[in-house]
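**Q** mind folding the following:
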Amino acid sequence: MRLATFTDYGLRVLMRLAGAPGRAVSTGQIASEFAISQHHLAKVVSDLGRGGFLRSERGRSGGLRLMRPAHEITLGEVVRHLERKFAIVECFRADGGECVLKPHCRLRPQLAAAREAFMAELDRTTIEECAWTAQDQATAAAG
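**A** Reported below is the predicted structural model:
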């Protein structure tokens with residue numbers, strides 16, 4: 001399976017916040033550290049906020065913070081939320097797509113089972129386990 005870039009960025013944001021528990025981190029700082037467009041990242045952050053994963057605080061000590069402890073957020077939960085707009089193949093679209101095989105397709109059940117196995121594996125790992133720490137940042141900057 002291939003995740004959308006949008007989802008990749010969302011996971012990076014949450015990993016970064018998990019690596020700085022209790023500290024607010026700005027969207028600009030994350031965009032700079034991960035070489036992501038700040039404009040695109042703002043859309044990702046907005047969606048993560050609507051999903052209940054993070055909150056944005058204004059002011060001098062403001063920035064992004066996780067809404068729940070990182071050990072309570074699974075990768076599967078995040079991916080399900082962010083990938084809800086993206087279909088693995090056309091017939092998985094919310095509107096059912098335009099596939100002519102749909103009435104007699106024998107592929108869809110196998111793809112659905114594979115997707116569920118993929119998500120079940122992601123449910124076993126938390127954002128805390130994937131946290132992007134200060135040590136990771138230092139290593140990346142030196143490398």
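**Q** tell me the SS of R65?
**A** When classified by DSSP: H, G, I helix; E, B strand; the rest coil, R65 comes out as strand.
**Q** can you count the residues close to the closest residue in space to it that isn't next to it in sequence?
**A** In this structure, R65 finds its nearest non-sequential neighbour in A24, 5.3 Å apart by Cβ to Cβ, 6 or more residues apart in numbering. All C-beta spots, glycine's among them, are computed from the backbone N, C-alpha and C. Using other Cβ atoms under 10 Å, A24 has 16 other residues around it.
**Q** any weak-confidence spans in this protein?
**A** 90, 134, 143 (pLDDT under 70).
**Q** all strands of it, in order?
**A** With DSSP state E as the criterion, the chain has strands at 54-57, 63-66.
**Q** and the contacts of the last one?
**A** Taking contacts as Cβ atoms under 8 Å, 6 or more residues apart in numbering, the residues outside strand 63-66 that touch it are 13-14, 17-18, 21, 23-27, 29-30, 45, 53-57, 73, 127.
**Q** need the buried ones from the residues you listed selected in ChimeraX.
**A** ChimeraX command restricting the contacts of strand 63-66 to the buried ones, with burial defined by 16 or more other Cβ atoms under 10 Å:
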select :13,14,17,18,24,25,27,30,45,53,54,56,73,127
